[in-house]
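[1] Next one to model:
(2 chains)
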Protein chains: 2
Amino acid sequence: MMVVELVNTGTELMLGRVLNTHQHWLCRQLSDLGYAVARQIAVPDASREIESAVREALTRADLIIVTGGLGPTSDDRTREAVAALLGRKLREDSDTLARMESWFAARNRSMPPSARVQALVFEGADVLPNLHGTAPGIAVHVKPNSFRKNGSESWLFLLPGPRRELKPMFADRVVPRLRGILPEEQRLYCRVLRTTGLPESIVEQRIEGPLDGLVREGLELGYSAQPGQVDVRLAAHGHGAENIVERADIRVRAELESAVFGIGDETLEEVVVRLLEGRTKTLAVAESCTGGNIAHRLTNIPGASVVFRCGWVTYSNESKHRLLGVRTESLDQFGAVSEEVAREMAVGACRAARTDYAIAVTGIAGPTGGTPEKPLGTVFIALASPEAVEVTRWLNLWDRTTFKEVTSHQALNQLRLELQKTR
Amino acid sequence: MMVVELVNTGTELMLGRVLNTHQHWLCRQLSDLGYAVARQIAVPDASREIESAVREALTRADLIIVTGGLGPTSDDRTREAVAALLGRKLREDSDTLARMESWFAARNRSMPPSARVQALVFEGADVLPNLHGTAPGIAVHVKPNSFRKNGSESWLFLLPGPRRELKPMFADRVVPRLRGILPEEQRLYCRVLRTTGLPESIVEQRIEGPLDGLVREGLELGYSAQPGQVDVRLAAHGHGAENIVERADIRVRAELESAVFGIGDETLEEVVVRLLEGRTKTLAVAESCTGGNIAHRLTNIPGASVVFRCGWVTYSNESKHRLLGVRTESLDQFGAVSEEVAREMAVGACRAARTDYAIAVTGIAGPTGGTPEKPLGTVFIALASPEAVEVTRWLNLWDRTTFKEVTSHQALNQLRLELQKTR
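    Coordinates of the predicted model:
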């Protein structure tokens, strides 16, 4: 099997100042292309550490992707460290230099002398032009690779660290080359079904039996759970992989039914916006304990403005009454966290916004505020639809931010299930 | 210098299905304790990969922390892989077995036979009890460490993968041991100042000269930029480190003045909530292009309900008019994205919510909607205060989600600067 390794550089990563999202993103892209990554390595911006990490990767891997450390400042060490390791000279690439000069000119700035180092590339390497920044990427075919016992060849890609440079360069310059490198029989075929509303153990219990035969044919099953959501990964290698995954997909959907809400990276808010669009329906949201998170998630989706009219974050009792028309008697008699208040919030939002649907949420996020009848984590979610108002009750025992996320998920899912009933 | 390495296991990490937050969290904890991590490694749930990663770490590191792969299922391989590597026998620990049995009993379940494997620990190792799950952690003093050329000793910690088990176990069981291991002269002292409103290059330019002398005394400077925010890391090692960092802190604040909004992990929304609390002032928010993100960020802060009264997400023109009282003539004459509409939104929000302050935001998030006079990314932010309404104009050229984040940041910062003026 082809061995793929990633090397990330960055002292801020090692100090826990910055979350490493590059490896996550690159692994996802690579697995979508059929490559499984065998190792991720991160090291500080230090020549010795970079050189040692790349040297070790060269002893094992057929394909190595290194990110970061190609910029102009003193803590950008990758170019020199790898050149020393491979014993290759650095030479100035005139096309790159010209591209950098025009990059600065387009911004009405002259190129600082320190930037020039970025035009240096290894002898015999390919330059990967950077259309979103200055430092180009570098592709080296290490052939033969004297670091490996068998001397076989490796591919080494050096890519810039900034995300908005890395992503397009990977997509436009690296992916076309990778398509040619991996033999078809090694390709991984992978599909992810996203579910909500069932705990991981139940998801597993329901599908493991029915998938048993396919596992014997080569299906690889994986689970990834986060609060409120369980992803089921179906994968297989080589010829016939797509067929195995396709049959597994059908069985999983037969077992889990409407708990499956999407595929791949689809989010619940994306599914909800598309369903509303497809039915030309409009939505308003009245939030208390989720504090704007539902509106925020919906408005992350391009095109949300067509279906999402408006939202309220009514944190105080007074605002529930004055902005949404919740009756003071209901607030007094049942409390702000109650079925009745959730219902009146949803009806009030629907009326004030003149929408087809309204979601309303009220609950006790904590850390304080619980009572014996309504313990911490109690939530009421109301969905006003053209037919009726339906209220559900939940107990969400999480820290504050997870509570908001899970509660938003439940509210969006309640709307999704309702929309899927009315085709 | 003491060498620290982390090894993470998880096939989902390698497929890019799950973001690796463990390394980020552990690195942060370790750097707060004075340890700098030299390498992060992640491998799939496979015995061979785990064994090879831990073996290599043992050739280099004084302290190795391995997370994941201690559970009861077939893809939990760490315990066996490391036992084989160290040549240590596994034996059943009776205290752990008893603890696990009572863990299941407390949940009215009998312990499944498959769970029993979690009670196995290496001979001569210390058990780190798990109060939040079943699998205990394991601490091994590898002494002498035959994998190292000089045969010196290493510490190896195996910790469970689930976050809510890992975090308390690290804090309660590992930290007390680590305090004793690192010699004081090697300890890293680190402080982060968070800034907003200045680009990274300007931050660097302003402070580098004034910090020159301290760098020669041993100050280490680091920058970490994200859209709308630049963190400056001040660090030093050993005796006198705190004093160097303290003096650097004073100089940075003198140069950057009000651009510094916080320290460590403090968020801008946290600072804003605390400032409002301290002045017993209240806030309302009227959002268009940020779509609820400002309210969401504010309500992430415990105690926000005392100062944050309510928010509107007025995505449509109609809702701006009907809910906030923006005049139809203003919408027609100036457009929804205009200084005038931002101003009327803020004034309307302040009036309707009866708060001391209101923030209003209107802009063009894209991907479509720009004009020559108001290109894509144009934003107006209005702040209504007891004295006046102040409107600022911005051009935020980012993808949709970054646009929302940056715009929210600017709006919160505008309020912060106003609040800091009125002590």
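[2] Tell me where the stretch 251-400 of chain A has helices.
    Under the criterion DSSP state H, counting those that start in this stretch, the stretch 251-400 of chain A contains helices at A:268-278, A:293-299, A:317-324, A:328-334, A:339-353, A:400-421.
[3] Deepest-packed of those, please.
    Comparing these by mean neighbour count (mean count of other Cβ atoms under 10 Å in any protein chain shown), helix A:293-299 ranks first with a mean of 29. (Each C-beta comes from the backbone N, C-alpha and C, glycine too.)
[4] what does that one rub up against?
    Defining contact as Cβ atoms under 8 Å, 6 or more residues apart in numbering or on different chains, one finds that helix A:293-299 is touched by A:267, A:269, A:272-273, A:283, A:285, A:287, A:304-305, A:308, A:311, A:313, A:359, A:361, A:404-405, A:407-408, A:411-412, B:290-293, B:295-296, B:299, B:313, B:315, B:404.
[5] Around chain B, pick out the residues from the stretch 251-400 of chain A.
    A:285, A:287, A:290-296, A:298-300, A:302, A:304-305, A:308-316, A:318-319, A:322-323, A:352-353, A:367, A:400 (Cβ under 8 Å from any Cβ of the partner chain).
[6] Using CSV, list the CA coordinates for the helix or strand containing residue A:140.
    Residue A:140 is part of strand A:137-142, with elements assigned from DSSP states H and E. What follows is strand A:137-142, C-alpha atoms only, in CSV (Å, rounded to 0.1, in the frame of the first residue of the first chain):
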residue,chain,number,x,y,z
GLY,A,137,5.1,25.6,-3.5
ILE,A,138,7.7,23.1,-4.5
ALA,A,139,7.3,19.6,-5.8
VAL,A,140,10.3,17.2,-5.8
HIS,A,141,10.4,13.7,-7.2
VAL,A,142,13.0,12.1,-4.9
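[7] helices or strands up against it?
    Secondary-structure packing of strand A:137-142 (3 or more Cβ pairs under 8 Å, 6 or more residues apart in numbering or on different chains; DSSP states H and E): helix A:78-86, strand A:120-122, strand A:126-128, strand A:154-159.
[8] So which of the ones you listed is nearest chain B?
    The minimum distance between chain B and these falls on helix A:78-86, with 14.7 Å, by Cβ to the nearest Cβ.
[9] Let's see the closest one as PDB, backbone CA atoms only.
    Taking Å, rounded to 0.1, in the frame of the first residue of the first chain, the C-alpha atoms of helix A:78-86 are listed here in PDB:
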ATOM      1  CA  THR A  78      11.500  24.700   5.700                       C
ATOM      2  CA  ARG A  79      13.100  25.600   2.300                       C
ATOM      3  CA  GLU A  80      16.600  25.600   3.600                       C
ATOM      4  CA  ALA A  81      16.200  22.600   5.900                       C
ATOM      5  CA  VAL A  82      14.800  20.400   3.100                       C
ATOM      6  CA  ALA A  83      17.400  21.600   0.600                       C
ATOM      7  CA  ALA A  84      20.200  20.700   3.100                       C
ATOM      8  CA  LEU A  85      18.600  17.300   3.700                       C
ATOM      9  CA  LEU A  86      18.300  16.400   0.000                       C
END
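[10] And chain B, is it touching that?
    No. Counting by Cβ under 8 Å from any Cβ, chain B has no neighbours in helix A:78-86; the shortest distance is 14.7 Å.
[11] Give me the buried positions along the helix or strand of chain A with the lowest mean pLDDT.
    When each helix and strand of chain A is scored by mean pLDDT, DSSP states H and E, strand A:220-226 comes last, with a mean of 82. Across strand A:220-226, burial judged by 16 or more other Cβ atoms under 10 Å in any protein chain shown covers A:220, A:221, A:222, A:223, A:224, A:225.
[12] if you skip the residues just before and after it, what's nearest to the first one?
    Right, the one you point to is residue A:220. residue A:235 (4.4 Å; Cβ to Cβ, 6 or more residues apart in numbering or on different chains).
[13] how about that neighbour, phi and psi?
    Per-residue torsions, residue A:235: phi -140, psi 160 (degrees, to the nearest 10).
[14] what separates it from residue B:157, distance-wise?
    For residue A:235, the distance to residue B:157 equals 32 Å [Cβ to Cβ, to the nearest Å].
[15] tell me the SS of residue A:230?
    Following DSSP: H, G, I helix; E, B strand; the rest coil, residue A:230 is assigned to strand.
[16] Run a quick neighbour tally on it.
    When neighbours are counted by other Cβ atoms under 10 Å in any protein chain shown, residue A:230 registers 22.
[17] what sits against it?
    Per Cβ under 8 Å, 6+ apart, neighbours of residue A:230: A:194, A:195, A:196, A:198, A:199, A:200, A:203, A:223, A:224.
[18] same deal with residue A:301?
    By Cβ under 8 Å, 6+ apart, residue A:301 lies in contact with A:267, A:269, A:270, A:273.
[19] picking that back up, adding mean pLDDT and mean neighbour count, write the helices and strands packed on strand A:137-142 out as a markdown table.
    Output for the helices and strands packed on strand A:137-142, formatted as a markdown table (pLDDT from 0 to 100; neighbours: other Cβ atoms under 10 Å in any protein chain shown):
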| stretch | mean pLDDT | mean neighbour count |
| --- | --- | --- |
| helix A:78-86 | 95 | 21 |
| strand A:120-122 | 93 | 22 |
| strand A:126-128 | 95 | 18 |
| strand A:154-159 | 96 | 23 |
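[20] Distance to residue A:378 for these - can I get that in a markdown table?
    Supplementary listing: the helices and strands packed on strand A:137-142 in a markdown table, determined by distance: least, Cβ to Cβ, whole Å:
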| stretch | distance to residue A:378 |
| --- | --- |
| helix A:78-86 | 52 |
| strand A:120-122 | 61 |
| strand A:126-128 | 55 |
| strand A:154-159 | 49 |
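[21] Which of these sits closest to residue A:37?
    strand A:154-159 (13.3 Å; Cβ to Cβ).
[22] what's next to the closest one, contact-wise?
    Strand A:154-159 has contacts (Cβ under 8 Å, 6+ apart) with A:54, A:58, A:61-67, A:70, A:78-79, A:82, A:128, A:137-143, A:145, A:148, A:166, A:169-170, A:174, A:177, A:181.
[23] Restricted to buried residues, select the residues you listed in PyMOL.
    Only the buried entries of the contacts of strand A:154-159 go into this PyMOL selection, using 16+ other Cβ under 10 Å:
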select buried, chain A and resi 54+58+61+62+63+64+65+66+67+70+78+79+82+128+137+138+139+140+142+145+148+166+169+170+174
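[24] re earlier: will you turn the helices of the stretch 251-400 of chain A into a markdown table that also has mean pLDDT?
    What follows is these, written out as a markdown table (pLDDT from 0 to 100):
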| stretch | mean pLDDT |
| --- | --- |
| helix A:268-278 | 97 |
| helix A:293-299 | 97 |
| helix A:317-324 | 94 |
| helix A:328-334 | 96 |
| helix A:339-353 | 97 |
| helix A:400-421 | 95 |
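[25] looking at the ones you listed, which is closest to residue B:333?
    Shortest separation from residue B:333 across these is recorded for helix A:339-353, at 24.7 Å, computed as Cβ to Cβ.
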